[in-house]
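*Asks:* kindly generate the corresponding structure for this input.
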Amino acid sequence: MRYRAMNVKRTFLWCLFFVGLVVSERCGDGHCKCTRAKKVATCISKKRQLNYFPTLPSYVQQLKYSGNYLPNLTRDSLINMTRINLTGLNLDDNMMKNVDPNAFEDLTYLVKLQISHDKILNGNILASALYNVSRSVEKLVLQHNKWDWIPDNVFDGLNGSNVYYIDLSYNNLRSFNGTRLLLKIPRLKYLILDENPLSHSDIDFHNMEYMFKISLQNTYIQKVPTFCDGDGESFLPRLRSLYLDRSSMKSVSRDDFPGRCLPFLWKLSLSFSDISSIQNDTFAGLPVLKYLLLQNMVKLRLLDYFAFHSASLELLNLGSSKFKFVYKGRYNNDLFKFTPNMNNLSLFDNQITDGSTLKTLLWHLVRLQKINLQSCDLNYLARGTFDRLLDLRIIILKGNSLYGWDPDMFSKLSNLNTLYLSGNNIAVVNRTSLEFIAKINLEYIDLANNPLACSCQQLWFRDWLKESKNITVPHYPSRYVCRSPPEWDKKMLASFNYTEEDCREKNPWILIGSVLGSVVFVCMVVVIVIYTHLPTVRNIIYLIRLRRKGYVRLVNSEEYMFDCYVVSCETDEHWVFQTLYSTLEDEYAFHLCIPSRDFDVGESKADQIEEKMKESKKIIIVMSNDFAQDEWCQFQLEKAQERIRNQGKEAVVLIMLRDIDHKHMTSTIKNLLRKSSYATWVKGKIATKLFWDIVVAAIEKPFGNPPVAI
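*Replies:* Sure, this is the predicted structure:
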């Protein structure tokens with residue numbers, strides 16, 4: 001006990017020591033916060049009251065000076081910064097208009113200079129100031145300044161400096177001329193141009209012979225830029241990393257990445273782009289390519305036979321691309337046959353489903369060491385899926401629909417040390433299921449968040465979890481929870497107290513009582529589910545009514561330009577474009593009229609509303625609290641009611657995106673909801689499908705008889 005008390009005291013003293021290092025203190029005349037451990041000072045004032053650089057503690061080496069009032073930055077105003085060894089200076093949103101040419105001259109220890117969120121600062125003024133910046137500066141960050149252009153000589157003052165990194169992201173640059181801009185700093189290694197409206201023809205790659213990394217994420221690039229001159233000589237002979245994420249490119253081919261133009265490229269990222277197809281040998285010409293990132297390419301529809309042909313590729317990340325491997329025409333079973341050195345493959349959040357498909361895809365990847373198959377809708381693993389992959393160290397199978405696995409599934413993987421099986425449909429784990437652990441010396445296994453059954457069949461697993469010492473079982477016992485039988489629902493497996501004696505044959509009347517109790521419980525669950533899922537139940541009733549009355553495709557009694565005109569408020573447009581538009585136009589081929597997209601700029605909005613409504617067969621109204629408060633939405637609602645009076649209530653399709661509060665409910669909306677049925681937006685695989693069935697049925701329903709005055 002004495003020894004334990006000493007340890008507790010020692011631990012407490014260490015905690016006090018580390019808290020003392022990390023905690024911040026007031027400094028800089030009370031305007032700043034300083035952290036000794038990080039050697040950082042942050043000076044942010046309220047209402048821009050701070051207009052000078054206060055004296056800081058001697059240990060400070062980095063300063064973030066943000067949200068203050070500093071219209072004129074002079075050499076004298078930085079005098080207090082010369083009294084410390086300042087290596088990093090971040091000037092953010094300080095309303096700077098002028099910077100003296102010699103402002104930074106005395107900051108002789110400066111390594112990183114950042115000027116951001118100062119839209120009124122002129123590029124010519126900055127160019128003059130950079131002539132006298134310390135030669136010790138290595139990184140220059142000029143983000144979020146909304147510059148449309150920068151003068152050709154802006155970096156000339158850095159001639160002979162140690163600058164190797166320049167970040168110009170989040171501006172409005174429409175061109176980048178390397179021939180002139182980088183003339184004085186040809187040894188630049190890192191160039192960040194993210195979030196600028198640059199196209200592939202607006203970038204001049206001259207003077208980039210020593211460039212290691214270029215980032216062109218979220219630009220207007222529609223095709224891969226040219227990295228060679230007219231004679232076939234590379235502009236970027238030393239480039240290692242190229243980021244073209246979030247581009248507007250539709251497809252890529254071998255001609256986009258010739259090896260002679262990118263001879264040392266080993267990392268290429270095309271994630272979040274609009275690419276729909278990858279053609280044969282696209283990356284085969286890149287001789288040292290090791291890392292290929294194709295994450296979140298949700299428009300990807302086709303992978304040619306040799307799409308990933310690469311002798312050097314070691315890592316491929318195709319995660320979250322929603323690619324449907326269930327459609328054989330979109331890819332070939334030998335897709336990875338020509339990547340002999342692949343050792344890390346991420347296919348998470350794609351649709352594979354069939355275990356046999358997975359086995360075929362992995363057949364040739366004999367050097368694979370890590371595979372991520374999270375959330376791939378896998379419902380089973382085919383026998384022998386991993387038998388050839390003897391180098392596997394890590395397998396991630398969490399978030400699928402697996403009920404179990406063959407006892408020999410992992411027994412041949414002598415190098416396997418980490419296995420994730422959490423979040424599946426595994427109810428029972430028995431001795432046979434985990435026999436492979438002793439054979440391969442597994443170090444880590446995650447079986448959390450499975451719907452475990454607290455039954456007699458689970459006794460062995462319960463005891464194994466409590467007694468296992470040579471293997472890490474994360475989240476035990478908190479996330480090892482029973483979901484059946486009902487009396488053990490949501491109780492931890494560790495608390496399951498049955499013994500071998502309890503599991504022997506019981507009195508049959510107990511079994512009968514259990515069955516009857518289960519029936520009563522199921523009935524209660526049904527009632528609760530119906531109550532808690534009332535919007536979904538309402539949608540089901542609406543769909544039944546639509547189908548009982550019958551619906552057919554609208555007969556074109558007159559010419560319409562659009563199938564539907566969409567009425568929504570500005571705050572709901574994200575849902576309209578991301579969900580409504582992508583589903584109805586892409587999947588069901590309806591042609592929608594969306595005002596923010598299809599209206600002509602400069603024309604009368606009211607006139608266009610009437611015109612476009614007349615050119616649309618039906619009107620979709622997306623309702624929410626914000627809709628009820630929007631004047632233009634109410635104007636369009638009145639126009640929609642005119643259509644109802646002329647063509648009947650089938651002329652309008654009502655969608656309740658979010659329930660309208662009582663205080664926002666207008667009499668017009670209340671009368672409309674009382675007389676017409678509406679579809680309620682509900683998330684969930686089945687509920688969402690039901691919602692779209694209703695919307696499509698309502699769109700395709702023919703017009704009824706319009707009201708007749710008597």
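
*Asks:* once you drop chain neighbours, what's closest to Trp681?
*Replies:* Distances taken as CB to CB, 6 or more residues apart in numbering place Leu657 nearest to Trp681, at 5.0 Å, with adjacent residues excluded. (Glycine included, C-beta is placed from N, CA and C.)

*Asks:* tell me how far that neighbour lies from Ala640.
*Replies:* As judged by CB to CB, to the nearest Å, Leu657 and Ala640 stand 16 Å apart.

*Asks:* can you list the low-confidence ranges for this protein?
*Replies:* 1-22, 505-513, 527-558, 704-710 (pLDDT under 70).

*Asks:* report the longest strand in it, please.
*Replies:* Of all the elements of type strand in the chain, the one with the most residues (DSSP state E) is strand 616-623.

*Asks:* which residues sit against it?
*Replies:* Contacts of strand 616-623 from elsewhere in the structure, counted by CB atoms under 8 Å, 6 or more residues apart in numbering, are 554, 560-569, 572, 575-576, 580, 592-593, 613, 627, 636-637, 640, 643, 650-658, 660, 669, 678, 695, 699.

*Asks:* which of these fall within helices?
*Replies:* Here DSSP state H is the test, and the contacts of strand 616-623 give 575, 613, 627, 636-637, 640, 643, 669, 695, 699 as lying in helices.

*Asks:* reformat those residues as TSV; add distance to Phe176 and neighbour count.
*Replies:* Below are the ones in helices among the contacts of strand 616-623 laid out as TSV (distance: CB to CB, whole Å; neighbours: other CB atoms under 10 Å):
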residue	distance to Phe176	neighbour count
Trp575	36	17
Met613	45	20
Phe627	43	25
Gln636	44	23
Leu637	48	21
Ala640	48	20
Arg643	51	21
Ile669	51	19
Val695	45	24
Ile699	47	20
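
*Asks:* most widely separated two among these?
*Replies:* Looking at these by CB to CB, the two members farthest from one another are Trp575 and Arg643, with 23.3 Å of separation.

*Asks:* run a quick neighbour tally on Gln608.
*Replies:* As a burial measure, the neighbour count of Gln608 was computed by other CB atoms under 10 Å and equals 15.

*Asks:* so it, which state does it fall into?
*Replies:* With DSSP: H, G, I helix; E, B strand; the rest coil as the basis, the three-state label of Gln608 is helix.

*Asks:* where do the strands of the stretch 201-350 of the chain begin and end?
*Replies:* When secondary structure is read from DSSP state E, counting those that start in this stretch, the stretch 201-350 of the chain shows strands at 203-204, 213-215, 241-243, 251-252, 267-269, 277-278, 291-293, 302-303, 315-317, 344-346.

*Asks:* could you dump those strands into TSV with distance to Lys412 added?
*Replies:* Below are the strands of the stretch 201-350 of the chain laid out as TSV (distance: least, CB to CB, whole Å):
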stretch	distance to Lys412
strand 203-204	50
strand 213-215	41
strand 241-243	37
strand 251-252	37
strand 267-269	33
strand 277-278	33
strand 291-293	28
strand 302-303	29
strand 315-317	24
strand 344-346	19
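
*Asks:* pipe the ones you listed into CSV and attach distance to Asn400 and mean neighbour count per row.
*Replies:* Rendered in CSV, the data for those read as follows (distance: least, CB to CB, whole Å; neighbours: other CB atoms under 10 Å):
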stretch, distance to Asn400, mean neighbour count
strand 203-204, 43, 20
strand 213-215, 34, 19
strand 241-243, 31, 20
strand 251-252, 30, 18
strand 267-269, 27, 19
strand 277-278, 25, 20
strand 291-293, 23, 20
strand 302-303, 22, 18
strand 315-317, 19, 20
strand 344-346, 15, 21
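
*Asks:* mind checking the SS state of Leu140?
*Replies:* The three-state assignment at Leu140 reads strand, by three-state DSSP.

*Asks:* burial of it, as a residue count?
*Replies:* 23.

*Asks:* thinking again about what came up before, closest to Leu182 out of the strands of the stretch 201-350 of the chain?
*Replies:* strand 203-204 (9.1 Å).

*Asks:* OK, contacts around Val567?
*Replies:* With contact set as CB under 8 Å, 6+ apart, Val567 has these partners: 619-622, 627, 633, 636-637, 640.

*Asks:* okay if I get the residues you listed as TSV plus distance to Asp255?
*Replies:* As requested, these are arranged in TSV below (distance: CB to CB, whole Å):
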residue	distance to Asp255
Ile619	47
Ile620	43
Ile621	48
Val622	44
Phe627	49
Cys633	49
Gln636	48
Leu637	53
Ala640	51
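
*Asks:* of those residues, closest to Pro197?
*Replies:* In terms of CB to CB, no member of the contacts of Val567 lies closer to Pro197 than Val622, at 30.3 Å.

*Asks:* how many neighbours does the residue nearest to Trp681 have?
*Replies:* By other CB under 10 Å, 22 other residues sit near Leu657.

*Asks:* wait, it sits on Asp572?
*Replies:* Yes. If you go by CB atoms under 8 Å, Leu657 and Asp572 touch, sitting 5.8 Å apart.

*Asks:* could you give the number of residues near Asp231?
*Replies:* 5.

*Asks:* tell me the SS of Leu191?
*Replies:* Looking at Leu191 with three-state DSSP, the answer is strand.

*Asks:* beta partners for it?
*Replies:* Per DSSP bridges, the residues bridged to Leu191 are Ile166, Ile214.

*Asks:* so the residue most central in space within the chain versus Asp334, what's the distance?
*Replies:* Nearest to the mean C-alpha position of the chain, by CA atoms, centre = their mean, lies Asn296 at 7.3 Å. Computed with CB to CB, the distance linking Asn296 and Asp334 is 25 Å.

*Asks:* kindly report the same for Asn132.
*Replies:* Distance, Asn132 to Asp334, using CB to CB: 61 Å.

*Asks:* who's in contact with Ile185?
*Replies:* Taking CB under 8 Å, 6+ apart, one finds 155, 158-159, 161, 163, 207 in contact with Ile185.

*Asks:* ah, wrong one, I meant Val23
*Replies:* Thr35.

*Asks:* which residues does Asn417 contact?
*Replies:* Applying CB under 8 Å, 6+ apart to Asn417 gives the contacts 393-394, 441-444.

*Asks:* so how far is Asp391 from it?
*Replies:* As defined by CB to CB, Asn417 lies at a distance of 12 Å from Asp391.

*Asks:* related to what we said a few turns ago, mutual contacts of Leu657 and Asp572, please.
*Replies:* With the criterion set as CB under 8 Å, 6+ apart, the overlap between the contacts of Leu657 and Asp572 is 622, 624, 627.

*Asks:* I'd like those residues as CSV, with distance to Glu500 appended.
*Replies:* CSV is the format used below for these (distance: CB to CB, whole Å):
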residue, distance to Glu500
Val622, 60
Ser624, 58
Phe627, 63
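
*Asks:* so which of these comes closest to Lys64?
*Replies:* The shortest distance between Lys64 and any of the shared contacts of Leu657 and Asp572, using CB to CB, involves Ser624 and amounts to 39.3 Å.

*Asks:* not counting its neighbours along the chain, what's nearest the closest one?
*Replies:* For Ser624, ignoring the flanking residues on the chain, the nearest one in space by CB to CB, 6+ apart is Arg658 at 4.2 Å.
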